[in-house]
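Undergrad: Let's see this in three dimensions:
(2 chains)
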Number of protein chains: 2
Amino acid sequence: MTAAPFRVGLLGHGTVGSAFDSLLAERADAIAAATGRRPELAGVLTRSRGSFDEILGASDAIVELIGGIEPAREYALRTLQAGKPLVTANKQLLSQHGDELFAAARSGSAQLRYEAAVAGVVPVIRVMRESFAGAHIEKVHGIVNGTTNFILSEMARTGASYADVLKRAQDLGYAEADPTEDVNGKDAAAKMAILARLAFHAEVTLDHVPFEGIEQITSDDLDYAKEFGLVLKLLGVAERRDGGVSVRVFPAFLYGGHPLASVVGPFNAVTLESEAITEVTLSGPGAGGPQTASAVLGDVVSVMSSPGMELDPVEQPRFLPAEEVESAFYLYIEVEDRPGVLAQVAQVLGDHGVSVKSVVQKGIGENARLVMVMHPVAEGKFRSALDSISGLEFLRSQPRSIRVIEEEFVS
Amino acid sequence: MTAAPFRVGLLGHGTVGSAFDSLLAERADAIAAATGRRPELAGVLTRSRGSFDEILGASDAIVELIGGIEPAREYALRTLQAGKPLVTANKQLLSQHGDELFAAARSGSAQLRYEAAVAGVVPVIRVMRESFAGAHIEKVHGIVNGTTNFILSEMARTGASYADVLKRAQDLGYAEADPTEDVNGKDAAAKMAILARLAFHAEVTLDHVPFEGIEQITSDDLDYAKEFGLVLKLLGVAERRDGGVSVRVFPAFLYGGHPLASVVGPFNAVTLESEAITEVTLSGPGAGGPQTASAVLGDVVSVMSSPGMELDPVEQPRFLPAEEVESAFYLYIEVEDRPGVLAQVAQVLGDHGVSVKSVVQKGIGENARLVMVMHPVAEGKFRSALDSISGLEFLRSQPRSIRVIEEEFVS
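TA: Here you go, the predicted model:
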């Protein structure tokens, strides 16, 4: 084994960067045995030391673990323009500046690998790029944020409030001190933009992905849902639909038998659907430092051992307006408990073309709770119905609605 | 794109072979765009036409879809010895003659790819070889036979008998006319041997894998299990344990919240566990002609686009004797319904070091049913206890026992 070492330039030395540094040293011999070249660090760039130009010049590949947009974007572009492979875990950069990055990779004939940017150690990028290469992917959906999945699982398990469980998640290290982008759905939306780009060979960025989070979820929502055998998850869905594509993030109820319903705790799970392959689901823990470093190292090994290829984004797809996309909905309202009220609610729904699948009514003192699940309907129609219901004089609470995933597992 | 075409020699033209033939033609342009070379058939060998030598000489890679041992084994060895890549879906060959095949691949410096041999379209081989390259895999377990998973799911769902559901599976094409190797666990054992070899870098063949099937399962077993919230699956388990390895196939009860419990119908699911990566689960439909052909084509594309590498099997592991491996067990017996009987059964179990976790007793006329779940115990101890129980004079049925997977999902 006298081949020249494979020199890796490392940008960033925070949690993931230092984990990668250690892992690379630990695995260098095994990788040398498998690939014929020994990987070693050519240099490390941190805020206080190192020169990007020198590191780039001395490296066969760059690993970008700085995070955020600048200077990560500049370094990434310059790496790819120089024709050198880039491995990154930076979902912000990929989801907001993907067009630019992939264009640079094509013009520089350079590999761009980013397994660690989505779904932690779950190798969904590799499986899409390689196992599903050439397959026409119809839909990618799943749980791509471990923090919110932990929070929702714990709320369901313990009955505790959102605020209490969020605090617990922070204590356990499953949520950051500022959890805003996790709980409002933005983190999941960035990941879905990255997955949708790859799945549909299309220019998808974060701007194309409407997202809703879980901040408004109450333990009451979870309790009532149990009456229907439903489980609440924050879902990302990217699908080809009616000649366009739709990429969204929203909280949704799943039937208990749905394969994503059993994904509990800080886990991720992604299902890929294609006519040729039917469907494949991958699941595992969301990102932690060592797991992310392991995914990054996997990309480095791939760069070392295969020439790599980038599929051109060829489609500029039509993004379906959210109000045209059909979903089933759950609706919770409190109403005055007197005859005819249920009939009137059903009438308003029917007038807007919304059809009720099941309903539970329960007296609570002078009022009654109505919990309903609708058949799938275009979101715009449901929102109009909701507006009308909000104006009914016998209403005693604001309506609460959450999407329901109808489809059950193939059997 | 004026590079020479990539010539594929196809051995076998049955269901999968002809599906591969069509798929290759359909995807050739897309593959040419991605890899720079257009794949095309160099020749097809069937029982009645074609010469292997001519096809080998004219091919850049061989796809073996004959199945069975001979002549598949001879052709596979000669391909690898000639230094040409081999793609195969042949689990019998890999599980019974793996040592020989991998040795030939190493000595010929030839790629050997076999994604389609295990778990249908679920890309478990690729994920183990690439994403988990260098990781120390501790355990691989899951559902690797879609036929039996369909049968068990249907028995649980409908309450129908094993024989009736098997007939239904045959009508639907989920079970073959001769389902012996599916229902007796041998098919799953072959796949677990292949997975264990790759996971542990060890020489594992079918002979090392004790297997039990589902032919003896009754709908009563499933009914009683429901009292404990259990779901029955045929599991394959390969694990490092006590300095050795254990690879087994057996029917087992899972708690309802276990991630494999929600895998229903003719599906496969495999969980990989490693300290660095914690765990990743992959699931999807078991093999069908088009899905298998798709997995084969994925391997062909990999052969075209990467130099490939084979890890040497370096360990000749110690295989743990089955009686030393600990499992939890469910036990069902019918006994005479009189005082002291439960105490005597518990006494016999305790004398053999078997500890009871939970018990349900129900009167049925003059007899009583005892359904018990044990804490994990070495299988040898449990079998001894079972022998003693079989000799008790108040016993009214033969004891029935099934393993129970205790661990619940991380949360």
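Undergrad: helices or strands next to the lowest-mean-pLDDT helix or strand in chain A in the packing?
TA: When the helices and strands of chain A are compared on mean pLDDT, DSSP states H and E, helix A:219-226 comes out lowest with a mean of 81. If you count contacts as 3 or more Cβ pairs under 8 Å, 6 or more residues apart in numbering or on different chains; DSSP states H and E, helix A:219-226 packs onto helix A:146-158, strand A:230-241, strand A:326-336, strand A:400-405. All C-beta atoms are positioned from the backbone trio N, CA, C, and that covers glycine.
Undergrad: As TSV, the ones you listed with mean neighbour count, mean pLDDT and distance to B:Ile62 would be great.
TA: Shown next, in TSV, are these (neighbours: other Cβ atoms under 10 Å in any protein chain shown; pLDDT from 0 to 100; distance: least, Cβ to Cβ, whole Å):
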stretch	mean neighbour count	mean pLDDT	distance to B:Ile62
helix A:146-158	22	93	43
strand A:230-241	23	93	36
strand A:326-336	20	90	48
strand A:400-405	21	88	44
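Undergrad: Could you dump those into TSV with distance to A:Ile62 added?
TA: Shown next, in TSV, are the helices and strands packed on helix A:219-226 (distance: least, Cβ to Cβ, whole Å):
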stretch	distance to A:Ile62
helix A:146-158	27
strand A:230-241	29
strand A:326-336	42
strand A:400-405	40
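Undergrad: Would you convert those into CSV that also reports distance to chain B?
TA: Below are the helices and strands packed on helix A:219-226 laid out as CSV (distance: least, Cβ to the nearest Cβ, whole Å):
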stretch, distance to chain B
helix A:146-158, 6
strand A:230-241, 11
strand A:326-336, 20
strand A:400-405, 14
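Undergrad: between the ones you listed, which gets nearest to B:Glu100?
TA: Of all these, helix A:146-158 sits nearest to B:Glu100, with 44.0 Å by Cβ to Cβ.
Undergrad: Please compute how far that closest one lies from its chain's middle.
TA: Counting by Cα atoms, centre = their mean, to the nearest Å, helix A:146-158 is centred 16 Å from the centre of its parent chain.
Undergrad: Next, the angle from the least confident helix or strand of chain A to strand A:326-336.
TA: For helix A:219-226 against strand A:326-336, the angle by axes from the mean of the first three to the mean of the last three Cα atoms, to 10 degrees is 110 degrees.
Undergrad: Centre of the chain to helix A:219-226, how far?
TA: 24 Å.
Undergrad: For the closest residue to A:Glu154 other than its chain neighbours, grab phi and psi.
TA: Leaving aside its chain neighbours, A:Glu154 sits nearest to A:Val165 (4.5 Å; criterion: Cβ to Cβ, 6 or more residues apart in numbering or on different chains). Note on A:Val165: backbone dihedrals following degrees, to the nearest 10 are phi -70, psi -40.
Undergrad: A:Val165 contacts A:Ile151, doesn't it?
TA: Yes: contact criterion Cβ atoms under 8 Å: A:Val165 and A:Ile151 qualify, at 5.0 Å.
Undergrad: Looking at the helices and strands packed on helix A:219-226, spot the one closest to B:Leu370.
TA: Proximity to B:Leu370 (Cβ to Cβ) singles out helix A:146-158 among the helices and strands packed on helix A:219-226, at 31.8 Å.
Undergrad: Distance from the chain centre to stretch A:165-178, please.
TA: On Cα atoms, centre = their mean, the centre of stretch A:165-178 falls 19 Å from the chain's centre.
Undergrad: How about A:Gly363: which residues does it bridge to?
TA: Beta-bridge pairing of A:Gly363 under DSSP bridges involves A:Ala368.
Undergrad: Tell me how many other residues surround it.
TA: A:Gly363 sits with 9 neighbouring residues when counted by other Cβ atoms under 10 Å in any protein chain shown.
Undergrad: Let's see the pLDDT reported for it.
TA: Model confidence at A:Gly363, given as pLDDT, is 82.
Undergrad: do A:Ala3 as well
TA: 80.
Undergrad: go on, A:Ser51?
TA: Taking A:Ser51 on its own, its pLDDT is 95.
Undergrad: Could you check how far it is from chain B?
TA: 31 Å (Cβ to the nearest Cβ, to the nearest Å).
Undergrad: Am I right that A:Glu26 sits in a helix?
TA: Yes: under DSSP: H, G, I helix; E, B strand; the rest coil, A:Glu26 falls within a helix.
Undergrad: Can you give me the neighbour number for it?
TA: Neighbours around A:Glu26, by other Cβ under 10 Å: 12.
Undergrad: Distance-wise, check it relative to chain B.
TA: In terms of Cβ to the nearest Cβ, A:Glu26 sits 9 Å off from chain B.
Undergrad: where's that residue relative to A:Gly284, distance?
TA: 21 Å (Cβ to Cβ, to the nearest Å).
Undergrad: same thing with A:Leu342?
TA: Counting by Cβ to Cβ - A:Leu342 and A:Gly284 are separated by 45 Å.
Undergrad: ok, which stretches of chain A are helices?
TA: A:15-35, A:52-58, A:72-81, A:91-107, A:124-126, A:146-158, A:162-172, A:180-183, A:186-200, A:219-226, A:289-305, A:341-351, A:379-390 (DSSP state H).
Undergrad: Including distance to B:Glu334, could those helices go into TSV?
TA: Output for the helices of chain A, formatted as TSV (distance: least, Cβ to Cβ, whole Å):
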stretch	distance to B:Glu334
helix A:15-35	55
helix A:52-58	74
helix A:72-81	69
helix A:91-107	59
helix A:124-126	49
helix A:146-158	37
helix A:162-172	47
helix A:180-183	54
helix A:186-200	53
helix A:219-226	36
helix A:289-305	49
helix A:341-351	50
helix A:379-390	55
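Undergrad: least reliable of the ones you listed going by mean pLDDT?
TA: Note on the helices of chain A: lowest mean pLDDT is at helix A:219-226, with a mean of 81.
Undergrad: Tell me which residues of that helix come out buried.
TA: A:219, A:221-222, A:224-225 (16 or more other Cβ atoms under 10 Å in any protein chain shown).
Undergrad: Can you pull the phi/psi pair for the residue of chain A most remote from its centre?
TA: Distance from the C-alpha centroid of chain A, by Cα atoms, centre = their mean, peaks at A:Pro339 (44.8 Å). Backbone torsions for A:Pro339, taken as degrees, to the nearest 10, come to phi -60, psi 150.
Undergrad: Distance of it relative to B:Leu230?
TA: Here the criterion is Cβ to Cβ. By it, A:Pro339 lies 46 Å from B:Leu230.
Undergrad: these two touch, right, A:Gly9 and A:Leu65?
TA: No: when contacts are counted by Cβ under 8 Å, A:Gly9 is not listed as touching A:Leu65 (11.1 Å).
Undergrad: A:Ile405 bridge partners, please.
TA: Bridge pairing for A:Ile405 - DSSP bridges - gives A:Leu254.
Undergrad: swap in A:Val335?
TA: A:Ala368, A:Leu395.
Undergrad: Which residues are in contact with it?
TA: A:341, A:345, A:367-368, A:370, A:392, A:394-396 (Cβ atoms under 8 Å, 6 or more residues apart in numbering or on different chains).
Undergrad: Most neighbours among those residues, which one?
TA: A:Val345 (25 neighbours).
Undergrad: Correct me if wrong: A:Thr158 contacts A:Val165.
TA: Yes: in this structure A:Thr158 lies within contact range of A:Val165 using Cβ under 8 Å: 7.4 Å.
Undergrad: so which of the buried residues of helix A:219-226 would you say is closest to A:Pro251?
TA: A:Asp221 (8.8 Å).
Undergrad: what about that closest one, distance to B:Tyr75?
TA: 61 Å.
Undergrad: and if you look at A:Phe150?
TA: Where B:Tyr75 is concerned, A:Phe150 sits at a distance of 52 Å (Cβ to Cβ).
Undergrad: No more questions from me, cheers.
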